[in-house]
Each structure stands twice: as C-alpha cells, then as structure tokens.
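Enquirer: fold the following.
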Amino acid sequence: MLASAAGSETDVIVVGGGHAGAEAAHAAARVGARVLLLTQAVDRIGAMSCNPAIGGVGKGPIVRETDALGGLMARAADATGIQFRRLNASKGPAVRATRCQSDKARYANWIRQTLEACPGVSIKQDTVDDLLIEEGRVVGVVTGLGWVWRAKAIVLTTGTFLGGLLHYGERQVAGGRAGDAAATGLIASFERMGLECGRLKTGTVPRLDARTLDLAGLEEQPGDDPPPLFSFGSTGVSLPQRVCWLTETTPRTHQIIRDNLHRSPMYSGQIQSRGPRYCPSIEDKIVRFEAKESHRIFLEPEGLDTHEVYPNGISTSLPLDVQVALVRSIPGCANAEIVRPGYAVEYTFVDPRQLRRTLELIDWPGLYLAGQINGTTGYEDAAGQGLVAGANAGLTALGASSRLIPARTTSYLGVMVDDLVTRGVTEPYRMFTSRAEYRLVLREDNADQRLSPEARALGLLSDVEWAAFESREARRDALAQALEARLVPTAETQQRLGDLGIAPIAVSVTLAELARRPEVEPEQLAALLEHHEVSLGLLETLMISARYDGYIQRQNAQLARQTALEDTPIPADFDYAGIGALSFEARQRLARVRPETVGQAGRVEGITPAAVSVLLVWLRAGEVISSRSSAAG
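Expert: Coordinates of the predicted model:
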C-alpha cells in the first residue's frame, strides 16, 4: 500500500458526494475547517438518484431549516427548479409544505460548482476502502488507490452504495445505483469496530421517453404562480417553468402485476430487507390495497434538456418485460419506451442508536455518519443530517467547545435526529409532520427565526447572510407595527374592502385584528398597506402568529416544560444498573441507548413517565451528594 507524502492531512474528511456529503463538506468549511471530499465520481456530486424533486410534506420544512442554517439545498432547488407548488395550501400552516420539480442535471451541476468554489474544500475522486484506527480512534482513511489521508474528524455519507445490490427482477447487479459501483471495503472496517449494522431496501421507477407518450388527453398539473421558493434569500425563479401530467393505473395494470408477482424480488424471497412503508413499490400497492381500482401517477419532466420523464408512483423491481407491459397499460403511455428500467437496491446501514445527537459515534469519537447510512430515506433528510454532521466534525477538528445539536423542540431536524438516535429504525425512516409534537411552532415560514441565530453563533452564516436575516427581522417588526397602527374601515377604505372581497366591517379594527380572520388572504391585507414595502412571506408569518396565537402560546408553554427536561443532562457514565426502582427492562433499554438528557430518556421505547420521575430523583440525589462532597473538600 502506498501512503501519500505531502498534502495527506486535513481537518475533516467527508466520504461521499451525495446530498449528505455535499452539505457536510460545505458546513465543515463554513465553520473554518479544511475539508477533503472524497467521492467515487466527481461528475456525480449532488446527483438525484431517484425523483428529481425537492421538498414536500414533512420534507419542505427540513429544506427551509437547512437554509436557515446556511446550507445549500434550498438555494440549489430555487436556482434549478422548473415547477414549484405549495402543498396542503388549503390546510393549516403546520402541514403546509413547498415542493419543486428540479432540472436534475442543472441541480447536480449547481452543487458541484458551489462546492468547487467554496473556500477550504478540496475534492478528489477515489473510493474509501478502510478506516485508519490508532489508539481507539479513527484518524484517517485508506483509499482504493492506496493513499492514506489523515484527519481530525471524518464524516461517512455512503448513501445506498455501502454493499449496494441492485435488483432487476431475477437479475442482481452489485451497485450503489444504476451505472455506479457499490462500495464494499468499509463493511469489513465496521465489523472490526464492532458496529451493529443491518440491511434496508429502496427503489426507483422506470424513466420514460416523453416523445413516445400521448400527453394530450391527460390532466395537466401546473405549478403555482407566483412560485413559492425555499431559500429565505431567493428573489425569483431562474429557469422556464414546466407542467406535469396526471394519469393513473388501470385494472389491466393491476392484473399484469398480479400475474407476475412471483417474478418480483420483493415477493419471491430474493429481497429479505425492509423497504419504506410510506413509499411503496407499485407491487406493494397492488397487494396491500387490493380493493383499490387505480393509483395516481404523476408524469414529471426530469429537466429542460432531456426527454426523460419520471412516472412518480410506479417504483418497481419487476423484470424489464413486465415493466414495459405495465407501463403501456397506463393511459397516455400505450406506446411508451423505457429509457432506464426501474430497480430495487439493498444496502447496508449502521444502527443509528450508536450515535450521539451530534451524529458522532458514541464509541468512536471524531467519526460522524449522515444520510442513508443512518437508515433514512430522501434527499432532504440526508442533507439535513449532512449539515449537522459536517458542522460538528468541523467544530471538533478546530477544537471548539460548541456543537450543533438540533433540538426536538425547535426543529424538524431535531425531531429526525432524536428519533434516529433514540428509537433506531426497522425500515427506512421518512419524516412526517405527525412526528413533530410542536409542529404549529415548527413551520416553514419561521425556520430562520428558530435557527439562524444559533447558526450565526457557530459560524455557519456569513456576514452577508446574517445582515439579510437582520434586515428581514427589522422589516418584520416594521410590518407588525404598521398592522397595529392602521385602522379599517375608514371613509377611504370601506369601498376598498369590498373591492378586495372582504366582508363589510361595522366597527373599526386594526389591520392586525383583521389579519386574524381566516377568510382574509395575505394579498388582500397587503393591498390595504399602501405606502409600505410588503413581503408576502413576512406578512404570512405575522398572520399565522395572529390567528393561532392561543394555540401557539399553549405549545410554547409545553415547550418550556419539555425544554427543562431536555436541558437536564445525564452523565455519560451514569450507572442505570444501580437504580433498583427501575424495572430490569427499563435499565437495559436506557443502558443500550445511553440518552444524553432526561428528555431523550423519556422517548426511549418502553420508558414510562414514572420511570422518568425515578431517573430525575436519582440524578438530583447525585447532584446533592456531589455538592456535599465538594463542600467538604
């Protein structure tokens, strides 16, 4: 094995150039670390392996939070999006979400160019086959080309590549995704390190040639106008906007699948691992929802310079001949040609209960994991984890005392990380708004208010970005004051209210009070704020706060109580076996997870509120004993 001479040491090494790896490298560099990004293929950095889309219900808030923390994904999506939509727009603010259809080639190119221009980031093409361990600590990596790179912290973002195995019907091919080789060397490293690992499965759809589709008779699905954007700093779209089309499966489609279930790796026994329950393959849909006569399919363009179409809704690992038959049984697709067949991919993941909330391995300080290696699914989940792991790896390498620990009470990122490290996964983890107890507070519109101050303190936001945040806050305050100061109706505005479609008002009220009315839209309120610079985004935040003030206050009270538990630390060497008042099972579970706070302990599976009370008593007793000992000394 050749060891590199000059230039073989850096602060942080990031392994993998997907969504987690890109954010990790960028975040580590943002806090001031020197970063080496190692990836199997430089030209696949930021690639969208599956659906060329960003955001959605449960995922849009993570994109906004990543942006509030100085990340890349929101800006990349805004710069390369070809359709933007607000999902659940007619529902409450807690479940609204932004989604965009991206030009996948431009998206990946934007990520790569941004990383190449990022000070402190160096990119090299190579595989990582082993980890260099000295005195119980991972201090570097050994590459496939025989080079040894040393670092103070390492972030692994292997995606579906770690032991990746692709399934096309009965045919199996080693690979992380179609056209890319699997990574296998690290599996042996994990075995030597004693890490608990498992296997999971995900899949993708066949891509279709748009020129062979008959789209004329299908329902068009346009984007929103104006387009809702992700980044707090974006001012508009950059690319021409495109429509998607809606179609559905037919009884003929379902029969084709039923007749060939024995050839599906999922049902023949060829695949043993668990797939994402909430993003099932078309085979799963037909079996699990047998009485359903059709399933919706969205035909989504993959970009402006390609004819490929992504048929969202028919993920499959059936053989190619069956894929052709089932696709051609769908309206609009009678003559469809498949450009790339769908497939399933099995891969190795690491049990995330072995991680701290910083995404650092408990037993291997300085080694961080992010993305699908932690059992998650989705670009957004990966990006958020990458930012957390990268920032903390950079802070570790620089010897800083502070860390980025997203709280469950203040972010969806915190919900996801806490779920992973506390409860682990039995199937690919997917974020839902229902996972967040305080989702009325954790909205897309206020992500910057929740997270940007902490990001600034850690060095994740530049001077320009922080100045933009302060400007938004000043404009938000000025807008709130204007709403409180302006009265309606007046002689001049009574007719204006009618013109705007607002019901007559008998008694004068402030615009702040009018904002509480559920039938009043931000555009209507903005029209009454003449001579004021009005941002509809800022105005919407103020209107939500006004309308849901009572509920938000109630959640804030709950947050305060929960925060007290989250701020009560548990020593890393705490002896649960000595708490006789706890059941044997509770002691085992707590010792297995090793929660960092009492709040986290309460979310460990099988831990009751009574057990938490016992734990608090023991912790407080320990504090008393410790303080008496100190006083005696």
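
Enquirer: quick check: Ser434 vs Asp419, distance?
Expert: 12 Å (C-beta to C-beta, to the nearest Å). No exception for glycine: its C-beta is placed from N, CA and C like everyone else's.

Enquirer: who has more neighbours, these two?
Expert: Set side by side, Ser434 and Asp419 show more neighbours around Asp419, with 19 against 11, by other C-beta atoms under 10 Å.

Enquirer: please identify which helix or strand holds the more buried one.
Expert: Using DSSP states H and E, Asp419 maps to helix 412-423.

Enquirer: which strands and helices sit next to the following helix or strand past that helix?
Expert: Remark: after helix 412-423, the chain's next helix or strand is helix 447-458, criterion DSSP H and E. Applying 3 or more C-beta pairs under 8 Å, 6 or more residues apart in numbering; DSSP states H and E, we find helix 447-458 packed against helix 60-68, helix 463-485.

Enquirer: can you say which of those helices is nearest to Arg99?
Expert: Smallest distance to Arg99 across these (C-beta to C-beta): 6.3 Å, for helix 60-68.

Enquirer: angle of the closest one against helix 463-485?
Expert: On the basis of axes from the mean of the first three to the mean of the last three C-alpha atoms, to 10 degrees, helix 60-68 is oriented at 120 degrees to helix 463-485.

Enquirer: list the contacts of Val309.
Expert: 207-210, 213, 299-302 (C-beta atoms under 8 Å, 6 or more residues apart in numbering).

Enquirer: separate out the buried members of these.
Expert: By neighbour count, with 16 or more other C-beta atoms under 10 Å, those hold 207-208, 210, 213, 299-302 as buried.

Enquirer: can you tell me the SS state at Leu166?
Expert: The local conformation at Leu166, judged by DSSP: H, G, I helix; E, B strand; the rest coil, is strand.

Enquirer: now do it against Asn51, distance only.
Expert: In terms of C-beta to C-beta, Leu166 sits 17 Å off from Asn51.

Enquirer: name the residue in the two with the higher neighbour count.
Expert: Leu166 (25 against 21).

Enquirer: wait, Pro609 touches Arg603, no?
Expert: No. Shown here, Pro609 and Arg603 do not form a contact pair, counting by C-beta atoms under 8 Å, at 11.4 Å.

Enquirer: ok now do Thr39, which residues does it touch?
Expert: 15-17, 21, 45, 123-126.

Enquirer: then Pro226?
Expert: With contact set as C-beta under 8 Å, 6+ apart, Pro226 has no partners.

Enquirer: re earlier: of the contacts of Val309, which pair is most distant in space?
Expert: Greatest spatial distance among the contacts of Val309 (C-beta to C-beta): Asp209 and Glu300, at 14.0 Å.

Enquirer: return the subset of the contacts of Thr39 lying in strands.
Expert: If you go by DSSP state E, those have 15, 123-125 in strands.

Enquirer: just the buried ones from those, in ChimeraX syntax?
Expert: Restricted to buried positions by 16+ other C-beta under 10 Å, the ChimeraX selection for the ones in strands among the contacts of Thr39 reads:
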select :15,123,125
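
Enquirer: show the pLDDT at the closest residue to Gly537 other than its chain neighbours.
Expert: Distance criterion C-beta to C-beta, 6 or more residues apart in numbering; nearest residue to Gly537, sequence neighbours excluded, is Asp445 at 6.6 Å. We have a pLDDT of 93 for Asp445.

Enquirer: from what I can see Asp445 touches Glu540, true?
Expert: Yes. If you go by C-beta under 8 Å, Asp445 and Glu540 touch, sitting 5.8 Å apart.

Enquirer: low pLDDT regions in the stretch 1-150 of the chain?
Expert: 1-7 (pLDDT under 70).

Enquirer: helices of that one, start to end?
Expert: 19-30, 60-68, 73-80, 104-116 (DSSP state H, counting those that start in this stretch).

Enquirer: give me the nearest residue to Val141, chain neighbours excluded.
Expert: Per C-beta to C-beta, 6+ apart, closest to Val141 is Val128, 4.7 Å.

Enquirer: centroid-nearest residue for the chain?
Expert: The structure's the chain has its C-alpha centroid closest to Asp381; by C-alpha atoms, centre = their mean the separation is 2.2 Å.

Enquirer: tell me how far that one lies from Ile62.
Expert: In terms of C-beta to C-beta, Asp381 sits 7 Å off from Ile62.

Enquirer: and for those two, which residues touch both?
Expert: 416, 431.

Enquirer: can you measure across stretch 229-243, start residue to end residue?
Expert: The straight-line separation of the ends of stretch 229-243 (C-alpha to C-alpha, to the nearest Å) is 17 Å.

Enquirer: which residues does Lys280 contact?
Expert: Not Lys; residue 280 is Pro. So Pro280 contacts 288, 315 (C-beta under 8 Å, 6+ apart).

Enquirer: Gln555 against Leu440, yeah?
Expert: Yes. Taking contacts as C-beta under 8 Å, Gln555 lies within contact range of Leu440: 5.5 Å.

Enquirer: spit out the residues that contact the two alike.
Expert: With C-beta under 8 Å, 6+ apart, Gln555 and Leu440 have no common neighbours.

Enquirer: out of the helices and strands packed on helix 447-458, which comes closest to Thr249?
Expert: For those, distance to Thr249 was read as C-beta to C-beta. The smallest value, 26.9 Å, belongs to helix 60-68.

Enquirer: quick one: distance of that closest one to the chain centre.
Expert: 8 Å (C-alpha atoms, centre = their mean, to the nearest Å).

Enquirer: next one: stretch 367-386
Expert: Counting by C-alpha atoms, centre = their mean, stretch 367-386 comes out at 8 Å from the chain centroid.

Enquirer: ok, stretch 317-325 next?
Expert: In terms of C-alpha atoms, centre = their mean, the gap separating the centre of stretch 317-325 from the centre of its chain is 31 Å.

Enquirer: ok, now stretch 291-311?
Expert: 23 Å.

Enquirer: show me which residues of it are buried.
Expert: For stretch 291-311, burial by neighbour count (16+ other C-beta under 10 Å) applies to 295, 297-303, 306-311.

Enquirer: would you turn those into a markdown table with distance to Ala33 and pLDDT?
Expert: A markdown table is the format used below for the buried residues of stretch 291-311 (distance: C-beta to C-beta, whole Å; pLDDT from 0 to 100):
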| residue | distance to Ala33 | pLDDT |
| --- | --- | --- |
| His295 | 47 | 96 |
| Ile297 | 45 | 97 |
| Phe298 | 41 | 97 |
| Leu299 | 43 | 98 |
| Glu300 | 38 | 98 |
| Pro301 | 39 | 97 |
| Glu302 | 35 | 97 |
| Gly303 | 34 | 97 |
| Thr306 | 37 | 97 |
| His307 | 42 | 97 |
| Glu308 | 38 | 98 |
| Val309 | 41 | 98 |
| Tyr310 | 36 | 98 |
| Pro311 | 42 | 98 |
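
Enquirer: looking at those, which is nearest Leu320?
Expert: Using C-beta to C-beta, Pro311 comes nearest to Leu320 of the buried residues of stretch 291-311, at 14.9 Å.

Enquirer: strand partners (parallel or antiparallel) of the helix or strand where that closest one lies?
Expert: Using DSSP H and E, Pro311 falls within strand 308-312. Sheet pairing for strand 308-312, assigned by DSSP bridges, gives strand 207-209 (antiparallel), strand 296-301 (antiparallel).

Enquirer: circling back to that earlier point, out of the helices of the stretch 1-150 of the chain, which one sits most buried?
Expert: With neighbours defined by mean count of other C-beta atoms under 10 Å, none of the helices of the stretch 1-150 of the chain is more surrounded on average than helix 19-30, at a mean of 32.

Enquirer: I'd say Leu529 and Ala482 touch.
Expert: Yes. The criterion here is C-beta under 8 Å, and Leu529 meets it with Ala482 at 6.0 Å.
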